[in-house]
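Student: quick one, what's the 3D model for this:
(3 chains)
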Amino acid sequence: MFVTANEVSNRVFSVRSEIGSEMHRLMGELYPICRSITGNGVRETLRIISRHIPIKIHNVPTGAQVFDWTVPKEWNIKDAYIKNARGERVVDFQQSNLHVVNYSVPINKRIALPELKAHLHTLPDHPDWVPYRTSYYNENWGFCIAHNQFSALTDEEYEVCIDSSLELGSLTYGEYFLRGESSDEVLISCHVCHPSLANDNLSGIALAAFLGKHMSATRNRYSYRFLFIPGTIGSITWLSQHECETAQIKHGLVLASVGAGDKLTYKKSREGDAEIDRATFNVLRHAGGSYEIREFSPYGYDERQFCSPGLNLPVGCLMRTPNGQFPEYHTSADNMNFVQPSLLAESFDVAVRILHVIESNGVYINRNPKCEPQLGKRGLYHAIGGIESDIDELAMLWVLNLSDGDHSLLDIAERSGCKFDAIKRAADRLLSHDLLKQAV
Amino acid sequence: MFVTANEVSNRVFSVRSEIGSEMHRLMGELYPICRSITGNGVRETLRIISRHIPIKIHNVPTGAQVFDWTVPKEWNIKDAYIKNARGERVVDFQQSNLHVVNYSVPINKRIALPELKAHLHTLPDHPDWVPYRTSYYNENWGFCIAHNQFSALTDEEYEVCIDSSLELGSLTYGEYFLRGESSDEVLISCHVCHPSLANDNLSGIALAAFLGKHMSATRNRYSYRFLFIPGTIGSITWLSQHECETAQIKHGLVLASVGAGDKLTYKKSREGDAEIDRATFNVLRHAGGSYEIREFSPYGYDERQFCSPGLNLPVGCLMRTPNGQFPEYHTSADNMNFVQPSLLAESFDVAVRILHVIESNGVYINRNPKCEPQLGKRGLYHAIGGIESDIDELAMLWVLNLSDGDHSLLDIAERSGCKFDAIKRAADRLLSHDLLKQAV
Amino acid sequence: MFVTANEVSNRVFSVRSEIGSEMHRLMGELYPICRSITGNGVRETLRIISRHIPIKIHNVPTGAQVFDWTVPKEWNIKDAYIKNARGERVVDFQQSNLHVVNYSVPINKRIALPELKAHLHTLPDHPDWVPYRTSYYNENWGFCIAHNQFSALTDEEYEVCIDSSLELGSLTYGEYFLRGESSDEVLISCHVCHPSLANDNLSGIALAAFLGKHMSATRNRYSYRFLFIPGTIGSITWLSQHECETAQIKHGLVLASVGAGDKLTYKKSREGDAEIDRATFNVLRHAGGSYEIREFSPYGYDERQFCSPGLNLPVGCLMRTPNGQFPEYHTSADNMNFVQPSLLAESFDVAVRILHVIESNGVYINRNPKCEPQLGKRGLYHAIGGIESDIDELAMLWVLNLSDGDHSLLDIAERSGCKFDAIKRAADRLLSHDLLKQAV
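Tutor: Numbering: from 1, shown residues only, chains lettered A, B, ... in the order given. The predicted structure follows:
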């Protein structure tokens, strides 16, 4: 019934296109919802995710102290618009939830153009796009519109209406815990606080959800914790309330913006040479596509919090397009057309491979450390001499040579330049011939 | 009355051209003097310097044992010439003190051309230039002339006269000690033993003098010791007589040849990653001009002595043109036209910045090490979300993330790729909001 | 009578072409012999080598257990052929011993073409060349022929005959031990198991033999052990029977394929920065020719065994063409025309220089560690100042500066970028002036 991670991953690697479409479909379902760092948008999002994996929903009340922060009031919104003097909705929340500055306080009044303009946000460099703006911790209101529309606004009186509420409530997040053989954990985290933004937000959610589903089908060494949390305040809240559990997090990945962009981008953990960093590097360098490895910086997604100095968790960030470095970032152009099923599938595939390395890595001891053991008599070496060894034989020689207790399989893969899978396969063959034993 | 190093440096950074001219003027005043490793030329030089900073003059008697060396006899010279058969001065010390091999013993006789030639030094590759030559530790005499003049010498009898004296006396050096808050010292050293050579010698003297003047106007953490010493024997003498004090030297710079050449050159201390090395690297990489960092080698200026293995002081060497690597080096072409006020000013500016880093560096502790503190509620973060952070916010995030007690501000500047000043400014803002504290 | 390594090497460096011809002549004498991992071919080979150096012959009986391996039966061969239906020898062992798969069991029967083909080995990419194949540990028989001949074989009945024997006997190897001042050893190893292959086998044998001869003429610090052994099983046998002695092996080189190819190739020991690795790197970078340094890998020649994890000896491999990476490798094209006396001589020269570094390296202490000692008064420094130091003076300054007990002469050569010889010469001069002493 259960299959090993290895078998599953092989199976899944052959169904890429299908998984990409499924992820894309889930994202499409989530796209219209007006999410924020609190409120019903997040709850609705988590409800839909729970059709795929049985997440638990947690609510943390407004006012809860979480480290240096306080859980804010809950924000909800029903409608918003700007009407011109003729009563026509010239800006309409019903058409795009990006039009309202997220966390805007309720307002309903008539104002002149100059006053209105002080509350409008645009992107002069991309005059057709609507920006995404927030004002979480500063009570304010505003609208986001295309710069072309902004320029065309005539000098008349407008009616602005934001039918929102900012009240005592709670911060909501979802958690999916998958128990493995060990209580050591792998943390997978994504943010669920952006409204209609596809790549930056929904792609990470979809990847985390399908990764959770995938890992639930294998027998795993590690326990897995998937967090679906609002950015910044969500990770701070979770970390503040689960400080003790963080000691069990041995590896972690923040997933974000994995649906667009030619190359994969990995941002290292603060440590910089954590196992997750090295596992990801090995997978990316052998994945065949282009990729970029970035050093840690304290700016970006929730790795900012996981990698704060008092926690310093080994958590990296897997992206395609890095935050802030693609023009569509935080604009209406980051829509469902911007993300592609094939890229989602590739991101999924790479994430599965990374977890496979983490699951399979280990330290072994060569039982015949003096000279090579005779592989030939065990059928592990070509019978006719004088020809070169193939990759499988080379991988066995590497494993034998470096299995001195100081090198993990990942170390051996790195030093030999081999794909981790080849090294793992070699170790398995050697183990089955009693040429290797597990280090204690 | 006192201003902090920071304020002063900002002020000074805006008066570059003025300081360059002042340095150039001092050099012009010192240029005609016939200096050597001992004698009245050095004393006259120190007297002029003391108009700018109150240096103390020290005399160490001939015969004093200084490590493996002995302070030599004192050399002085009044006149020297070569006259041709018609009694005309064809080579004249009064026209250039480079014409006499420095430390030549007195001589006055008539000799034939072949014998004379054995005592003449020229530069065949630069036939119009006069070389600078010395014979400190080997009693000898000689003249330095242009190779063109050498080739044109006719076969006749010449009168050679060197009206010099080599007698018991002393080695003279100047020292300017500026007490700071701490007894830990920064050593600034330059050589004062070259006669009319502008870049190699006078530029370093001018920079040390004006740096001393500059630092005397600020309240400093470190004490500063400025040495104006003859090369090699001077540093050996000082080190031999102040061996105990060397333990207090925490950082040091030898200044030499800082008035000519497009780029700045820094030669690392023997340690190679001393704070002075890293401070200088940070300043140079952000200074906007071209620069070169060289590894330590045991050849060059007095860093040879400061970095000898039994002392191994963290002393680097700030130059523009490295010794021996510009054609004008040790020739009459290293004159007042060769050096430029603007380059002197840039060297001054860089030196001030380096000392500013040394003065301002420190280790701080993030008081909220678990997750980021909420910068927004303290007015330290932009109120509207969704847009990217600016350099000041990034610098604060870097300081918070790495202020774990293991990283100094300089470490943080290096790892973040930021200019030290930006990191320092961020630390100051965080300190003033109680988000940081000084490490003990 | 005895000369130092230094003097000898200087002498030998000037007789390159002669030594190359002598090596080539020895190889020509050994070329026709049908060697294998056991048998009379190895014995005959060792007998010829013993005309140059007094090697001891060792026989280890069939069935001896050597770590995970067993010494195999002894193989000998008198004749072998394939006759066509007309009784003509179309493949003839007498013409080339490569025609028979090494270690083929005896056979004598008539077979049809299809059955014969299953026992034929060819090189389709090099249709005129005959491959070299073996079947040591799997009882089998076969012939190696040119692919062109293979393609032209007509469908008739053939007589195959291999007049070989596979019987109880022994594995034979040669050992030349040269006692030095210390019981610490340098191991030089080459394989003697390939039949008519010139570069891969004979060139290494010739280099080891002439190196042995060369080192026997000098007074050496180290003892030298030269092994002439069958590949893999030979080193395993020796290591298994001399495990205790391996503790004395401080440096080692496997020599192979040193007679062809433009550049020299050095493969590092498993340690990667052993003294032999660094010595070889210093020699190669200053040798003036092109070279390549390769990281250790557990595939290649007998360094595979010497560098197995339970032994981890500091043994590198000096080659020109790396195994498996030149088309002629393990084919009839690796013949006496493929190797060149001048390349053999250069390989010899480099090997001697490497051993010279190993012999001469050491740690010294500067007796005047505080500031430079006064070299001038000892005649070690140019008398006229103002000019630049030459390489010999610089080398002395480097030795003085880094002889703090932590740096060997080889370390100093590496850090200074100097040739080891220049550093060694400087140390000798400083020693003779009592400015240096040997570290204890």
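Student: just the pLDDT for the closest residue in space to A:Leu113 that isn't next to it in sequence.
Tutor: Once flanking residues are discounted, A:Leu113 sits nearest to A:Asp155: 4.9 Å by Cβ to Cβ, 6 or more residues apart in numbering or on different chains. C-beta coordinates here come from the backbone N, C-alpha and C atoms, glycine included. Predicted confidence (pLDDT) for A:Asp155: 96.
Student: can you map out the strands along the stretch 251-400 of chain A?
Tutor: Using DSSP state E, counting those that start in this stretch, the strands assigned to the stretch 251-400 of chain A run over residues A:264-267, A:291-294, A:315-319, A:363-366.
Student: quick one: closest of those strands to chain C.
Tutor: For those, the distance to chain C is smallest for strand A:363-366, at 5.7 Å, taking Cβ to the nearest Cβ.
Student: that closest one close to chain C?
Tutor: Yes: judged by Cβ under 8 Å from any Cβ of the partner chain, strand A:363-366 and chain C are in contact via A:Asn366.
Student: against which helices or strands is the strand or helix carrying A:Glu159 packed?
Tutor: Secondary structure from DSSP states H and E places A:Glu159 in strand A:157-167. Where contact means 3 or more Cβ pairs under 8 Å, 6 or more residues apart in numbering or on different chains; DSSP states H and E, strand A:157-167 is packed against strand A:74-83, strand A:107-112, helix A:113-117.
Student: with adjacent residues omitted, what lies nearest to whichever residue of the stretch 251-400 of chain A sits closest to chain B?
Tutor: Using Cβ to the nearest Cβ, the single residue of the stretch 251-400 of chain A nearest to chain B is A:Gly310, 2.9 Å away. Once flanking residues are discounted, A:Gly310 sits nearest to B:Pro369: 2.9 Å by Cβ to Cβ, 6+ apart.
Student: ditto for A:Thr134
Tutor: Excluding its sequence neighbours, the residue lying closest to A:Thr134 (Cβ to Cβ, 6+ apart) is B:Gly385, at 3.6 Å.
Student: show me what contacts the one you found?
Tutor: A:Asn102, A:Arg133, A:Thr134, A:Ser135, A:Tyr136 (Cβ atoms under 8 Å, 6 or more residues apart in numbering or on different chains).
Student: pretty sure A:Ser223 sits against A:Leu187.
Tutor: No: contact criterion Cβ atoms under 8 Å: A:Ser223 and A:Leu187 do not qualify, at 9.9 Å.
Student: so those two - more neighbours on which side?
Tutor: A:Leu187 (24 against 19; other Cβ atoms under 10 Å in any protein chain shown).
Student: need the pLDDT of the closest residue to that one other than its chain neighbours.
Tutor: Nearest non-adjacent residue to A:Leu187, counting by Cβ to Cβ, 6+ apart: A:Gly252, 3.6 Å away. Note on A:Gly252: pLDDT of 98.
Student: ok, so what distance separates A:Gly252 from A:Cys371?
Tutor: Note on A:Gly252: its distance to A:Cys371, by Cβ to Cβ, to the nearest Å, is 42 Å.
Student: residues contacting the residue of the stretch 251-400 of chain A closest to chain B?
Tutor: Contacts here follow Cβ under 8 Å, 6+ apart; on that basis A:Gly310 touches B:Asn366, B:Asn368, B:Pro369, B:Lys370, B:Cys371, B:Asp404.
Student: quick one: pLDDT of it?
Tutor: 97.
Student: relative to C:Asp128, how far out is it?
Tutor: Taken as Cβ to Cβ, the span from A:Gly310 to C:Asp128 is 72 Å.
Student: give me the phi and psi for A:Glu22.
Tutor: Dihedral pair for A:Glu22: phi -60, psi -40, per degrees, to the nearest 10.
Student: for the closest residue to it other than its chain neighbours, helix, strand, or coil?
Tutor: Excluding its sequence neighbours, the residue lying closest to A:Glu22 (Cβ to Cβ, 6+ apart) is A:Phe210, at 6.8 Å. Assigned by DSSP: H, G, I helix; E, B strand; the rest coil, the conformation of A:Phe210 is helix.
Student: tell me how far A:Phe210 lies from chain C.
Tutor: 39 Å (Cβ to the nearest Cβ, to the nearest Å).
Student: distance of that residue from A:Leu344?
Tutor: With Cβ to Cβ as the criterion, A:Phe210 and A:Leu344 are 9 Å apart.
Student: so for the two, which residue has more residues nearby?
Tutor: Shown here are A:Phe210 and A:Leu344; by other Cβ under 10 Å, A:Leu344 has more neighbours (29 against 24).
Student: surely that one is in contact with A:Arg25?
Tutor: No: the criterion here is Cβ under 8 Å, and A:Leu344 misses it with A:Arg25 at 10.3 Å.
Student: so which elements touch the helix or strand hosting A:Arg47?
Tutor: Using DSSP H and E, A:Arg47 falls within helix A:40-49. Applying 3+ Cβ pairs under 8 Å, 6+ apart, one finds that helix A:40-49 makes contact with helix A:16-30, strand A:170-178, helix A:204-215, strand A:223-229.
Student: what residues does that helix touch?
Tutor: By Cβ under 8 Å, 6+ apart, helix A:40-49 touches A:26, A:29-30, A:33-36, A:55, A:57, A:76, A:172-174, A:192-193, A:195, A:205, A:209, A:228, A:230.
Student: up against chain C, what does chain A have?
Tutor: Close to chain C, as judged by Cβ under 8 Å from any Cβ, chain A has residues A:366, A:368-374, A:376-377, A:383-389, A:394, A:397-398, A:400-404, A:416.
Student: does A:Asp434 touch A:Arg367 like I think?
Tutor: Yes: at 6.6 Å, A:Asp434 counts as touching A:Arg367 under the criterion of Cβ under 8 Å.
Student: hang on, the earlier thing: any chance of the contacts of B:Gly385 in JSON lines, with secondary structure and pLDDT too?
Tutor: JSON lines is the format used below for those (DSSP: H, G, I helix; E, B strand; the rest coil; pLDDT from 0 to 100):
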{"residue": "A:Asn102", "secondary structure": "strand", "pLDDT": "98"}
{"residue": "A:Arg133", "secondary structure": "coil", "pLDDT": "98"}
{"residue": "A:Thr134", "secondary structure": "strand", "pLDDT": "97"}
{"residue": "A:Ser135", "secondary structure": "coil", "pLDDT": "97"}
{"residue": "A:Tyr136", "secondary structure": "coil", "pLDDT": "96"}
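Student: where does chain A get nearest to chain C, which residue?
Tutor: For chain A, Cβ to the nearest Cβ, closest residue to chain C: A:Pro369, 2.9 Å.
Student: check contacts around that residue.
Tutor: Counted by Cβ under 8 Å, 6+ apart, A:Pro369 has contacts A:Asp404, C:Ser308, C:Pro309, C:Gly310, C:Leu311.
Student: quick one: buried ones out of the residues you listed?
Tutor: For the contacts of A:Pro369, a burial check counting by 16 or more other Cβ atoms under 10 Å in any protein chain shown picks out A:Asp404, C:Ser308, C:Pro309, C:Leu311.
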